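In: Next input, structure requested:
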Amino acid sequence: MDYSYESEQTKFMREFLEKNPQVQEKRLAARSIWWDKALDKNQQKHFKESTVPHKPYAYFGAQSDD
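Out: Residues are numbered from 1 along each chain as shown. All right, here's what the predicted structure looks like:
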């Protein structure tokens with residue numbers, strides 16, 4: 001079985017990144033804006049303490065005792 005198959009998308013991306021190495025640097029810089037953040041333990045504790053517990057069976061309508 002031939003496991004060397006490479007899709008057109010994979011070929012395009014590989015060649016594109018070889019021709020444009022600055023894209024990888026920009027991607028990493030953009031990622032750090034949204035995802036690579038230092039965690040603030042006090043703020044996380046505050047978020048956890050301030051959450052409101054969910055009611056059970058939230059996706060069903062109110063049941064009446066009729």
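In: packing partners for the host helix or strand of Thr10?
Out: Here Thr10, judged by DSSP states H and E, is contained in helix 8-19. Under the contact criterion of 3 or more CB pairs under 8 Å, 6 or more residues apart in numbering; DSSP states H and E, helix 8-19 touches helix 22-34. Heads up, the C-betas are built off the backbone N, CA and C, glycines and all.
In: what's the helix it packs on in contact with?
Out: For helix 22-34, contacts defined as CB atoms under 8 Å, 6 or more residues apart in numbering pick out 16-17.
In: what about that helix, distance to the chain center?
Out: Centroid separation between helix 22-34 and its chain, computed with CA atoms, centre = their mean, to the nearest Å, is 15 Å.
In: now that helix against helix 8-19, angle please.
Out: Helix 22-34 runs at 100 degrees relative to helix 8-19, counting by axes from the mean of the first three to the mean of the last three CA atoms, to 10 degrees.
In: Which helix or strand lies directly C-terminal to helix 22-34?
Out: helix 41-49.
In: Go ahead and name everything in contact with the helix holding Thr10.
Out: 6, 23-24.
In: Distance to Lys37 added to these, as a markdown table?
Out: As requested, the contacts of helix 8-19 are exported to a markdown table (distance: CB to CB, whole Å):
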| residue | distance to Lys37 |
| --- | --- |
| Glu6 | 35 |
| Val23 | 23 |
| Gln24 | 21 |
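In: Most neighbours among the residues you listed, please name it.
Out: Per-residue neighbour counts (other CB atoms under 10 Å) across the contacts of helix 8-19 peak at Val23, which has 12 neighbours.
In: what about that residue, distance to Ala30?
Out: Using CB to CB, to the nearest Å, Val23 is found at 10 Å from Ala30.
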